[in-house]
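A.B. asks: Could you work out the structure for the sequence below:
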Amino acid sequence: MPIPSQNTPAEGHIRMEYLHNGTNDIQALVIDDDDVDRERLIRMLERCPRRINVMEAASQAEALQLIRLAEPQFDIVFLDFGLGDGDGRDLVPTIRAEVDPDCPIVAVTGNSDEQIAADSIKSGMTEFLTKRALSPERVAASVEEGIAWRKYRQDLRRAEEELTHRSLHDPLTDLPNRTLLFDRLGQSCARARRTGDSFAVMMIDLDRFKEINDSFGHAVGDVVLTTVARRLRGHLREVDTVARLGGDEFALLLQDVDDEENAAALAAKLVRLIEQPIVHESRVMHVGASLGIALCPQRGFSPAGLLSAADDAMYEAKRGLAKLATWQEGMPSHPPVDPKIMLDELEAAIAHDTLQWHWQPKVDMRDGRVLGFEALVRWNHPRIGNIPADQLIRAVEHSPLLETFTHQCIDKVLEQFAQIQDKVDGASISINLSARMLERPSFVDDLVDMVDCHRIDAKRVTLELTETALITNPSQARRVVERLRDNGIALAIDDFGAGFTSFGYLRDFAISEIKIDRSFIQRFTESRFDQSLVNSLVVLCDSLGIPLVAEGVENEEIRDLLVSLGCHNGQGYGICRPMPYEDVLDWMDDWHENTPIRQMNA
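C.D. replies: Now for the predicted structure:
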């Protein structure tokens, strides 16, 4: 029954986004088998300030018929328990599944038992009202609170969906990133092993891109990358995947490509597509491409092996000054490193204490106070040179060397910290940890023993884990995290937002710090979404009492904007690059003397 509207236009405009029906009206469903009680509640709804259209049901059967109608979509449900054909609470899962998982459900019952009220909330209802205590004011408040609750849940759901999307896509081009590519590649390999389906993996590296970047700046370079991404995506089928792996490197997963001839023909078309001129602001730019191809099942069923083979073929194309190359047996890999040999050499490096540790400070960006340091491993390989940290960790993580490597690294960092802990103004030390170490039964005891052995206050030690570490085995992770907390050791979530983010983990785990992934900070000054995300995280972390740290603070503009939004703690090249451990105390002296942030904000 339509109720005359008493809303202002502004109120209706704000509310419209959160109502099912896309109008200013609220659609309510009242389920009660008592005609008198049902009519009484409807009269109270008529007196609400908002315009409410009410539909009513006297039984479970009637309610199910209305719920399953295409129209209307209900915005709020008032539900009695004692229905003639069953318990009204049995309808809750159906309402959540067929109306909306965020639809507010208000229990209206003659039973005022507190336990029943508590059980109702646990079962998924948003509020519990007793019929004796009903009043127009209480009913109106329930409507307002229910719609507000739904708005909060919808906002939260959208934020989580956006975070998940961002964790699987490149922020510049919106193409799938390495994580999503590996997932799809793994599925394709499993399907090929099972059915014999063939596919191709291609690696693309742009030629002359560095010259464009250096000559015209990163903004123009970004135009080139987004143009190439758009061309590749527009040329391929929906079943194919084009991903950006970083820099000017792209990867393609092309289904139903069964031989080298077809793969080479398609690759040649893609190279010509990339080579078409790019026009931007009256400037014409030309880039080329080197492309490497690896075929499945010819090259095997390993996702990493296929990507590596395509990468090797791409470098072969570059070395031969060709446009493209297909991986062939005997083709040299790039770089020429045997994983087993590398692990043997790493084991020797650990034994001879030749690994290096660089420390990067984390500061309060308002006054420059040093809050802590993150210890980062560095290995200068005797033949290859500096091994990228992510490549080193990937190699170690799935090897028998992981436990030895982790223990010796933690012990070394704690030894270093013990020597200067009295000279760094109460700053803490953070150490990154592999998710697989959470599976080791003795890990927490060993860590506590090392902290005690070096006579360090456990409260000054923080372990950094990625979100993936918590998601992989949440029950085991929770037990380990609780034991760490019981022993005074803090846990920070590193790269927050780069994994399958769920705000539920902030509630379920004893988290001491959240570090926003640098991908959200890189384009921070240009992205209103990233600014809104940081602002939302500031509010959330403040309410939970969890410090928030921004990674990748590269310049003063980003720093100032973060502080203005309430994110006060930061880490990044704009504050200080990672430095050898031996330089930390000298840096502290210079920092105290100059304190650039304090001068900047003075």
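A.B. asks: pLDDT of stretch 441-456, averaged?
C.D. replies: Averaged over stretch 441-456, pLDDT sits at 93.
A.B. asks: How about residues contacting it?
C.D. replies: 407, 410-411, 414-415, 417-418, 421, 437, 458, 461, 480, 483-484, 487, 489 (C-beta atoms under 8 Å, 6 or more residues apart in numbering). Bear in mind the C-beta positions are built from the backbone N, C-alpha and C, glycine included.
A.B. asks: do that again at 10 Å, thanks
C.D. replies: Stretch 441-456 is contacted from outside by 403, 406-407, 410-411, 413-419, 421, 428-429, 431, 433, 436-438, 440, 457-458, 460-461, 463, 479-484, 486-489, using C-beta atoms under 10 Å, 6 or more residues apart in numbering.
A.B. asks: Going by neighbour count, which residues of stretch 520-533 are buried?
C.D. replies: Neighbour-count burial for stretch 520-533 flags 520-522, 524, 530-531, 533 (criterion: 16 or more other C-beta atoms under 10 Å).
A.B. asks: Any of the contacts of stretch 441-456 buried? List them.
C.D. replies: Looks like those have 403, 406-407, 410-411, 413-414, 416-417, 421, 428-429, 431, 433, 436-438, 440, 460-461, 463, 480-481, 483-484, 487, 489 buried, using 16+ other C-beta under 10 Å.
A.B. asks: Show me the residues you listed that map onto strands.
C.D. replies: Among the buried ones among the contacts of stretch 441-456, the members found in strands (DSSP state E) are 428-429, 431, 461, 463.
A.B. asks: going on from the helix or strand where L156 lies, what's the next piece of helix or strand?
C.D. replies: Per DSSP states H and E: L156 is located in helix 136-168. For helix 136-168, the succeeding helix or strand toward the C-terminus, using DSSP H and E, is helix 178-195.
A.B. asks: Name the residues of that following helix that are buried.
C.D. replies: Buried residues in helix 178-195, counted by 16+ other C-beta under 10 Å: 178, 180-182, 184-185, 188-189, 192.
A.B. asks: Nearest to D33 among those residues?
C.D. replies: For the buried residues of helix 178-195, the closest approach to D33 (C-beta to C-beta) belongs to L180, at 50.6 Å.
A.B. asks: P277: how many residues sit nearby?
C.D. replies: For P277, the count of nearby residues is 8 (other C-beta atoms under 10 Å).
A.B. asks: Hmm, I typed the wrong one, I wanted G545.
C.D. replies: As a burial measure, G545 scores 7 neighbours (other C-beta under 10 Å).
A.B. asks: Next one, pLDDT for it please.
C.D. replies: Model confidence at G545, given as pLDDT, is 85.
A.B. asks: Quick check: it vs S512, distance?
C.D. replies: Relative to S512, G545 is positioned 10 Å away (C-beta to C-beta, to the nearest Å).
A.B. asks: Mind checking which of the buried ones among the contacts of stretch 441-456 land in helices?
C.D. replies: Residues of the buried ones among the contacts of stretch 441-456 located in helices (DSSP state H): 403, 406-407, 410-411, 413-414, 416-417, 480-481, 483-484.
A.B. asks: From what I see, G572 and E374 are in contact.
C.D. replies: No: the pair G572 / E374 is not scored as a contact, 11.0 Å apart, by C-beta atoms under 10 Å.
A.B. asks: Comparing these two, which residue is more hemmed in?
C.D. replies: A side-by-side neighbour count of G572 and E374, using other C-beta under 10 Å, places E374 first with 24 against 20.
A.B. asks: give me phi/psi at D259?
C.D. replies: Dihedral angles of D259 (phi, psi; degrees, to the nearest 10) stand at phi -150, psi 170.
A.B. asks: and the residue nearest to it when sequence neighbours are not counted, how many neighbours?
C.D. replies: Leaving aside its sequence neighbours, D259 sits nearest to L295 (C-beta to C-beta, 6 or more residues apart in numbering; 7.5 Å). Neighbour count for L295, taken as other C-beta under 10 Å: 24.
A.B. asks: Specify the beta-bridge partners of L295.
C.D. replies: Note on L295: beta-bridge partners by DSSP bridges are A200.
A.B. asks: Against E260, how distant is it?
C.D. replies: The gap separating L295 from E260 is 7 Å, by C-beta to C-beta.
A.B. asks: what about stretch 197-207, distance to the chain center?
C.D. replies: Taking C-alpha atoms, centre = their mean, to the nearest Å, the mean C-alpha location of stretch 197-207 is offset from the chain mean by 27 Å.
A.B. asks: do the same with stretch 421-440
C.D. replies: The chain centroid and the centroid of stretch 421-440 are separated by 22 Å under C-alpha atoms, centre = their mean.
A.B. asks: Then stretch 158-165?
C.D. replies: Offset of stretch 158-165 from its chain centre (C-alpha atoms, centre = their mean): 8 Å.
A.B. asks: Over to stretch 252-259?
C.D. replies: 30 Å.
A.B. asks: now do stretch 29-39
C.D. replies: The answer for stretch 29-39 is 45 Å, by C-alpha atoms, centre = their mean.
A.B. asks: Could you work out the end-to-end span of it for me?
C.D. replies: One end of stretch 29-39 sits 12 Å from the other (C-alpha to C-alpha, to the nearest Å).
A.B. asks: How about that stretch, which residues are buried there?
C.D. replies: Using 16+ other C-beta under 10 Å as the test for burial, stretch 29-39 gives 29-34, 37-38.
A.B. asks: Mind checking the pLDDT average for that stretch?
C.D. replies: Averaged across stretch 29-39, the pLDDT comes to 90.
A.B. asks: Repeat that for stretch 561-579.
C.D. replies: In this model, stretch 561-579 carries a mean pLDDT of 91.
A.B. asks: buried stuff in it?
C.D. replies: By neighbour count on 16+ other C-beta under 10 Å, the buried set for stretch 561-579 is 561-563, 565, 567-572, 574-576, 578-579.
A.B. asks: okay, it in PDB with CA atoms only?
C.D. replies: Extracted C-alpha coordinates of stretch 561-579, given in PDB (Å, rounded to 0.1, in the frame of the first residue of the first chain):
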ATOM      1  CA  LEU A 561      48.200  13.700   1.100                       C
ATOM      2  CA  LEU A 562      48.500  10.600   3.300                       C
ATOM      3  CA  VAL A 563      49.000  12.600   6.400                       C
ATOM      4  CA  SER A 564      46.000  14.800   5.500                       C
ATOM      5  CA  LEU A 565      43.800  11.700   5.200                       C
ATOM      6  CA  GLY A 566      45.000  10.400   8.600                       C
ATOM      7  CA  CYS A 567      47.600   7.800   7.500                       C
ATOM      8  CA  HIS A 568      50.500   9.000   9.600                       C
ATOM      9  CA  ASN A 569      53.000   6.200   9.200                       C
ATOM     10  CA  GLY A 570      55.000   5.600   6.100                       C
ATOM     11  CA  GLN A 571      57.900   3.800   4.400                       C
ATOM     12  CA  GLY A 572      59.400   4.300   1.000                       C
ATOM     13  CA  TYR A 573      62.100   5.800  -1.100                       C
ATOM     14  CA  GLY A 574      60.700   9.300  -0.500                       C
ATOM     15  CA  ILE A 575      61.700   8.800   3.200                       C
ATOM     16  CA  CYS A 576      64.800   6.600   2.900                       C
ATOM     17  CA  ARG A 577      65.900   3.800   0.600                       C
ATOM     18  CA  PRO A 578      67.000   0.500   2.200                       C
ATOM     19  CA  MET A 579      70.500   0.900   3.500                       C
END
